[in-house]
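**Student:** I would like the atomic coordinates for the input below:
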Amino acid sequence: MRLENKVVVITGAGSGIGKETALLFAKEGAKVVVADVNEKAGEETVEQIRKNGEGFFIKLDVTNREQSKQMAKTTLEKYGKIDVLINNAGIVQDAFVSKMTEQQWDRVIDVNLKGVFNCIQSVVEIMMNQGSGVIINTSSIVGLNGNVGQVNYAATKAGLIGMTKTLAKELGKKGIRVNAVAPGFIATPMTAAVPEKILEMMKEKTPLRRLGEPRDIANAYLYLASDEANFVNGAVLCVDGGLVI
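**Tutor:** Predicted coordinates for the structure are as follows:
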C-alpha cells in the first residue's frame, strides 16, 4: 500500500473530490482525518472509510483559525504525527464583476485562500518538528486561465499557485514538499447544478471530450502524497483532460 501508516488530513472530505480522496487514501493504508464543515456528510465518509481502513471526523470551518488549530492538536494527540495535509475545501459564489457583492468577494477569499493559510499554519510546526511532510493545495485551471464570472474564485486559485511555489521554497529545506493540483471541469456536486447546455460546452472545450471524475483528481493527490513524488516540489499538476495546453 502506497500510504501505509501515513496520517492524512483532508479538508472538504465530506463530498465530491475530498470524499473520493479520503476513501482512496484509506484503501492505500492511510489513517484519514475527514475535516468538513458538514457534520453529517463527514460522518458518512468516515463510515465508509471504516469498511476498509481507519479514520475519524472532525468538524472544521477552515475560516476559523481556532478550529484549524484544534484540528491539528486533536490529530496529533490521536496519531502522534501529521504526514499529509490536502487543502481541498473550496466554494464558488459567481457573478460578473460589475454585480459581485463585497460579501461574495470576501466569502470566497476567506474560504479558498485564508482557509488554506489557516490550515497550513496549524500543521506546519508539527511537520517541521518531524522533519517531513506533504502539503497539497487545490488550485484550478481557472487560476491559470481565468473564467468569466469568477473573478473572486480565479483570484483565490491563482493565489494558491503563488502560495504553493513560495512555500515549496520556504519549507523544502525542512523536508516538507508543497505542490498543487489544478483540476479542469470535474463532475462533482458543485457542477451538478450547471445546466446541461453548459456541461456540453465544457466537454467540447476539453480535448478528451468528457468531464473529469473525482477519482481522476484523487489519483493525482495520491501520487503527490506518496513517496513516488519524493523529488516533486513546487509543482502545479494540471488534471484537466488537456484543456490547458
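**Student:** just the strands in this structure please.
**Tutor:** Using DSSP state E, the strands assigned to the chain run over residues 7-11, 31-36, 54-59, 84-87, 133-138, 176-183, 236-239.
**Student:** count of neighbours near Val148?
**Tutor:** As a burial measure, Val148 scores 9 neighbours (other CB atoms under 10 Å). C-beta: built from backbone N, CA, C; applies to glycine.
**Student:** how many other residues sit next to Asp216?
**Tutor:** Other residues lying near Asp216 total 19 when counted by other CB under 10 Å.
**Student:** in the sheet, who's paired with the residue nearest to it when sequence neighbours are not counted?
**Tutor:** Spatial nearest neighbour of Asp216, excluding adjacent residues (CB to CB, 6 or more residues apart in numbering): Val239 at 5.7 Å. For Val239, the beta-bridge partners under DSSP bridges are Pro183.
**Student:** JSON lines for the strands of the chain, including mean pLDDT?
**Tutor:** Shown next, in JSON lines, are the strands of the chain (pLDDT from 0 to 100):
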{"stretch": "strand 7-11", "mean pLDDT": "98"}
{"stretch": "strand 31-36", "mean pLDDT": "98"}
{"stretch": "strand 54-59", "mean pLDDT": "98"}
{"stretch": "strand 84-87", "mean pLDDT": "98"}
{"stretch": "strand 133-138", "mean pLDDT": "98"}
{"stretch": "strand 176-183", "mean pLDDT": "98"}
{"stretch": "strand 236-239", "mean pLDDT": "98"}
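**Student:** among those strands, which comes closest to Leu167?
**Tutor:** Of all the strands of the chain, it is strand 176-183 that lies closest to Leu167, at 4.3 Å by CB to CB.
**Student:** now do the closest one: which elements does it pack against?
**Tutor:** helix 115-130, strand 133-138, helix 141-145, helix 151-171, helix 214-225, strand 236-239 (3 or more CB pairs under 8 Å, 6 or more residues apart in numbering; DSSP states H and E).
**Student:** list the buried residues of the lowest-mean-pLDDT helix or strand in the chain.
**Tutor:** Lowest on mean pLDDT, DSSP states H and E among the helices and strands of the chain sits helix 189-192, with a mean of 74. By neighbour count on 16 or more other CB atoms under 10 Å, the buried set for helix 189-192 is Thr191.
**Student:** please save the CA atoms from that helix in CSV.
**Tutor:** Output of helix 189-192 as CSV, limited to C-alpha atoms (Å, rounded to 0.1, in the frame of the first residue of the first chain):
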residue,chain,number,x,y,z
PRO,A,189,-21.9,18.2,-6.6
MET,A,190,-20.6,21.7,-7.5
THR,A,191,-21.2,21.1,-11.2
ALA,A,192,-24.4,19.1,-10.7
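**Student:** OK, contacts around Gly241?
**Tutor:** Neighbouring residues of Gly241 by CB atoms under 8 Å, 6 or more residues apart in numbering: Gly184, Phe185, Thr206, Pro207, Leu208, Arg209, Arg210, Gly212.
**Student:** make it 6 Å
**Tutor:** Applying CB atoms under 6 Å, 6 or more residues apart in numbering to Gly241 gives the contacts Gly184, Thr206, Leu208.
**Student:** that older thread, save the strands of the chain as TSV, and put in mean neighbour count and distance to Leu23 too.
**Tutor:** Shown next, in TSV, are these (neighbours: other CB atoms under 10 Å; distance: least, CB to CB, whole Å):
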stretch	mean neighbour count	distance to Leu23
strand 7-11	27	10
strand 31-36	29	8
strand 54-59	19	9
strand 84-87	28	13
strand 133-138	25	17
strand 176-183	25	17
strand 236-239	18	18
